[in-house]
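Peer 1: sequence and predicted structure are below.
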2 protein chains.
Amino acid sequence: MITASKSDAVSQDGLLPDLPNGPLSEYRRKASFNWKDMAMFLEDEDIIAFKNKIFSTLESDPLFYRQPGVDLPLEKYRELTFLRCKKIFEYNFLTFEATMEKPQKMLVLINCLGMYDWSLSTKYFLDTQVFGVAIGNTGSERHETILHQTQNMEIRNPKTLLPMPGVMVGDIGRKLGQNGLDNGFAMFHNVRIPYENLLNRTGDISSSGNYTSAYKDPKQRLGASLGTLSSGRVSIISMVVTNLKLAITIAIRFSATRRQFGPTEKEEIPVLEYQLQQWRLIPYLAAAYALDYFSVGFFFNLIELQIGILMKDRSPRQAELGKEIHALSCAGKPLASWTAQHGAQECREACGGHGFLAMNRLGDIRNDNDPNCTYEGDNNVLLQQTSNYLLGLVQSIHEDNAPCESPLGSIHFLNDYKTILKRKFTASTIRECLDCAVALDAYKWLVCYLLRESHDKLQQEKQRAANDFDARNNSQVYYCRSLALAFIEHTVLQRYYDYTHDPSTPGSLQPVLKKLCCLYGLWSLNKHIAVLYQGGYFAGELPGRIVQDAILDLCAQLKDDAVSLVDAIAPPDFILNSPIAKADGELYKNLWSAVLQGEKVLERPSWWPEFCCNKPVIGKPRSQL
Amino acid sequence: MITASKSDAVSQDGLLPDLPNGPLSEYRRKASFNWKDMAMFLEDEDIIAFKNKIFSTLESDPLFYRQPGVDLPLEKYRELTFLRCKKIFEYNFLTFEATMEKPQKMLVLINCLGMYDWSLSTKYFLDTQVFGVAIGNTGSERHETILHQTQNMEIRNPKTLLPMPGVMVGDIGRKLGQNGLDNGFAMFHNVRIPYENLLNRTGDISSSGNYTSAYKDPKQRLGASLGTLSSGRVSIISMVVTNLKLAITIAIRFSATRRQFGPTEKEEIPVLEYQLQQWRLIPYLAAAYALDYFSVGFFFNLIELQIGILMKDRSPRQAELGKEIHALSCAGKPLASWTAQHGAQECREACGGHGFLAMNRLGDIRNDNDPNCTYEGDNNVLLQQTSNYLLGLVQSIHEDNAPCESPLGSIHFLNDYKTILKRKFTASTIRECLDCAVALDAYKWLVCYLLRESHDKLQQEKQRAANDFDARNNSQVYYCRSLALAFIEHTVLQRYYDYTHDPSTPGSLQPVLKKLCCLYGLWSLNKHIAVLYQGGYFAGELPGRIVQDAILDLCAQLKDDAVSLVDAIAPPDFILNSPIAKADGELYKNLWSAVLQGEKVLERPSWWPEFCCNKPVIGKPRSQL
């Protein structure tokens, strides 16, 4: 069912090229919607054109060419990443003015570079954003002039790049991923750092050695820093969702073209036709859509916060916004990065041996995604920030005196805390569960229940433990940690629910988007079913069974849309860089061609003579065991 | 509490050297048992001496030296692996006679080489075992003489190693792991394979072109092949458990020496003191112990099967043994390889940025372990073999006429199927849950319940679906797949329970071993709690809560034993090859020393002049966002 009007088709023509015919065409024909409509709905024309420009620029530049199957030594890879990064600076895809006009474009640029190679993207991101923003947000006017040079200043001689006297700099060596990026260490021995280098926005030291701060209240000073701390995590959410989109694109296109066995001996069917394969992959496709929507909206929330900081807004709303964004980013980063990490591993396994072949890229995606679980705050540790935020609301909830209010509304439903806790699961058929409101209601109960349980647990532990430190530590597992995850899942789902049910969402896309929303909701909820039973929200065999049946039903309903759903989010073949997942679906031809392009692929290894001479005399090789 | 008698200490002295004093000593002092007693209990002196010999030989040979932080090009790594493999042949650690006397030693050798480097181990394993055994088990007398040459025969010219006419051989390129091993492809164009090369043990073709077989019954012929198919999987179980032991050793030693925060500002505490860290790691330690025991015992079961095959035993017992081992290996490989894969990822994350540094080895362990989830049968697909075996028992269970009997007894409890299904969870305190029988009983109910549900589901689907193929496919998720996993978890737990409760297990070790057993049981069971509630085995808040409290309680009880538990299974530092996990516990000194040994670690990169010239003119770098 193709629903695009003719005028749509015209406006899309320049932006979204038709996909080649081939083994994927059959699934594309069966899709319930037009992938171009979806792509145009997910991003506006300006953003799509911006992405196209970046992608086509990289594809046209030989510096960005990648030969499949070539083994790049670490130092060469780093040099190449450096040269590419420099070239990205030269391309100047995004002027300062364009960023100011549409800040989202900075994130789009980071993600486009990341889709190409995360080492390059991270290098660019660190150089332009993290480093610049850290100084911009924590320094003052006097740091403007020195800014271009700071990176080399004091550490290395800017001409020779040799370390300055008293400085020892070195390389930490190979990492599990992102190896185009060189990470180092620095040690200082009796090095004097000029007083002017002190980043003095929130606190300063006078020439007489006294500490001064524009903020009198230390809590307010902390609050002022929280916004800066959130921005890295908000960006990471978007980056890891990009990884999930790459991984699921590869796995879905592979599964739609890889055939194995069938009901008759005559023809083999695509592995995507198997319920098990659908269940392994399609929920991650739904997660990619739901989390992508969250990441974009959440970025706009961050922009609002940052504007307030720039405007020196010291209103209570601004402070609350900082706290809420902090709470959401501290759980959003764990949820998104783990979903991408587990999703990438599942995609790799779902592609079998093809997934284990490096050139198909699932390994790099997983490995490059991995550090997102650690940096900008270890996932497990970060979740405590979110649960602390929620536990801080319990008193006002109990006393019914101060309503739960927050600028983004993520905690508003807690005003119905007592009513919600009295609710039970009422659906009795699979059909009812196909309404996403069912999962959403269950999540509301789940968050309230875990909030109550976590609060009670913490109180018990405080009475038992020697100190608050221990009490808090002993309330994490099964309580505060679960609470933070359930809360962010609810937030993501609520936002996606509102979006997919909004009347402005095109009617041709609503059905498939609602299915994705419902699948994401039920699949996420399924991990908490034990708690739903434990707390009495579920009772008897039926609820667990119909939720699971609904998940499988939705997977089956979505399997014919899956290829078009990835088409709408996939970068061009050159960027995706996975022979088993090209848009033409010619799995074996493309893979074979890529393998043969490898270096010396048909040659004997250089050390072949070693194989032929001095053969060791070994015992009887036939073992009976 | 040190319980070793003096005579023990003497006999151990030569075999198990004392561990160096250092930051780990405090945990070692707090342990409830002597790690040497544990090591001597887990393996006999002969095996320990054999391992020592392998380890010390490798450590003494410069060919096996590994410089930390050196970037090895793919071809060099393969050459080195080849040369090392050749050297292993020369060392001839295991004669044919010694293997016959104690077949377990072959597996020990494979694992020792794997602890050093899986590429080497796999290469050795493929050359000596898989290739040889395949020909030995499927060929006949006439293949004995050609055996040495078969590998090169027909494919390459044995002198030049160039491909024979009509043959195209090439390299498939880099993989996600095990890159010291070169994997290739071969294509044949009009190549004639000599008739004598046909592997004709179970089926042959006469010179006139007629098919003949020693087995008249095709099922019997299939059964005869199953044993051969199982051996790879049985070996893999042992290999992946080895990976889990390596990963958990690194993470536990790191966590016992890495300090962060504390109840007071004065002193930071080891991260192992945090409940969250304990919960993330200690269950994997318990899993390593329980699965290790299973893997060793299961290997002996396989030996029994193989002896039967050699002896041409065609008794019903032999056939049943083949089927049972097939069913257990088809679920045992998935369970063990996934546990190792998830465990390695959890260990990497639990070590934070240190875990992400390649030299600390958690990445290699995870990456080298990964293909075990795919080869010798994709994990998800394999599980169907196990559920089919169990579903095949349903009729006799229902009719009460033929008791469930199997040579290894893994299905005996199904004779009480009806009684078991009537049972409920009866424990009401954490204390009761600390008895491992509680988890074991729950597992018995779980398997029976999932068997009934899977059977019913399959019958329903058969009525609904167009064919049996679809019916079976649509009964996997939440049914047959869960059944196979629950069944193997029960088997592993039952065996470990019997072992840890056996009177012959030393009294000094029983308490800690029973805790490991109980923790493994409850932690595994915890993933099925939704089903326990759904099916009515659990009711109300209490069961879920006390199971989880018991898990945390056991983690806390085991945290002071954790270091000694890994000491008992850890290889020497040279083999473990992880600076953050050396036996002396000098985390930072060792890491620093390893970083500084890296190639050109303090040098500017060769391309540094590029950095200084032609600096791109970029826009204002300070972004406000």
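Peer 2: Arrived safely, thanks for sending.
Peer 1: who's residue A:185 bridged to?
Peer 2: Taking DSSP bridges, one obtains residue A:170 as the residues bridged to residue A:185.
Peer 1: mind jotting down where the strands sit in chain A?
Peer 2: Along chain A, the segments classed as strands by DSSP state E run A:167-171, A:184-188, A:204-205, A:211-212.
Peer 1: excluding its own residues, what touches the last one? List them.
Peer 2: This means strand A:211-212. With contacts defined as CB atoms under 8 Å, 6 or more residues apart in numbering or on different chains, strand A:211-212 is touched by A:203-206. C-beta coordinates here come from the backbone N, C-alpha and C atoms, glycine included.
Peer 1: then the third one?
Peer 2: Outside strand A:204-205, the residues within contact range by CB under 8 Å, 6+ apart are A:195, A:198, A:211-213.
Peer 1: where are the low-confidence patches of the stretch 101-250 of chain A?
Peer 2: Residues of the stretch 101-250 of chain A meeting the criterion pLDDT under 70: A:137, A:144-145, A:147-153, A:219-227.
Peer 1: tell me which parts of it are close to chain B?
Peer 2: Listed as neighbours of chain B in the stretch 101-250 of chain A under the rule CB under 8 Å from any CB of the partner chain: A:103, A:106, A:127-129, A:132-133, A:135-136, A:144, A:147-148, A:158-159, A:161-162, A:168-177, A:182, A:185, A:231.
Peer 1: switch the cut-off to 7 Å
Peer 2: The stretch 101-250 of chain A comes close to chain B at residues A:103, A:106, A:128-129, A:132-133, A:136, A:147-148, A:159, A:161-162, A:170-176, as judged by CB under 7 Å from any CB of the partner chain.
Peer 1: which among these count as buried?
Peer 2: Among those, those scoring as buried are A:103, A:106, A:128-129, A:132-133, A:136, A:147, A:161, A:170-176 (criterion: 16 or more other CB atoms under 10 Å in any protein chain shown).
Peer 1: chain neighbours aside, what residue packs nearest to the residue nearest the centre of chain A?
Peer 2: By CA atoms, centre = their mean, the mean C-alpha position of chain A lies nearest to residue A:240, the distance being 2.1 Å. Computed as CB to CB, 6 or more residues apart in numbering or on different chains, the closest residue to residue A:240 that is not its neighbour in sequence is residue A:340, at 4.1 Å.
Peer 1: next one: that neighbour, what pLDDT does it get?
Peer 2: Among the per-residue scores, residue A:340 holds a pLDDT of 98.
Peer 1: and the residue in the stretch 501-625 of chain A that chain B sits nearest to, how far from residue B:546?
Peer 2: Scanning the stretch 501-625 of chain A for the residue nearest chain B gives residue A:533, at 3.4 Å (criterion: CB to the nearest CB). Computed as CB to CB, to the nearest Å, the residue A:533 to residue B:546 distance reads 15 Å.
Peer 1: residue A:143 too?
Peer 2: 57 Å.
Peer 1: next one: residue A:78
Peer 2: Taking CB to CB as the criterion, residue A:78 is separated from residue B:546 by 53 Å.
Peer 1: again with residue A:238
Peer 2: For residue A:238, the distance to residue B:546 - CB to CB - is 41 Å.
Peer 1: is it true that residue A:363 touches residue B:177?
Peer 2: No. In this structure, residue A:363 is not within contact of residue B:177 by CB atoms under 7 Å, at 8.1 Å.
Peer 1: any idea how far residue A:322 is from chain B?
Peer 2: Between residue A:322 and chain B the distance is 15 Å, computed by CB to the nearest CB, to the nearest Å.
Peer 1: burial count for that residue?
Peer 2: For residue A:322, the count of nearby residues is 24 (other CB atoms under 10 Å in any protein chain shown).
Peer 1: for the strands of chain A, which one sits closest to residue B:57?
Peer 2: strand A:167-171 (32.9 Å; CB to CB).
Peer 1: so what does the closest one touch, helix or strand wise?
Peer 2: strand A:184-188 (3 or more CB pairs under 7 Å, 6 or more residues apart in numbering or on different chains; DSSP states H and E).
Peer 1: and if we set it to 10 Å?
Peer 2: Judged by 3 or more CB pairs under 10 Å, 6 or more residues apart in numbering or on different chains; DSSP states H and E, the packing partners of strand A:167-171 are helix A:74-91, strand A:184-188, helix B:587-596.
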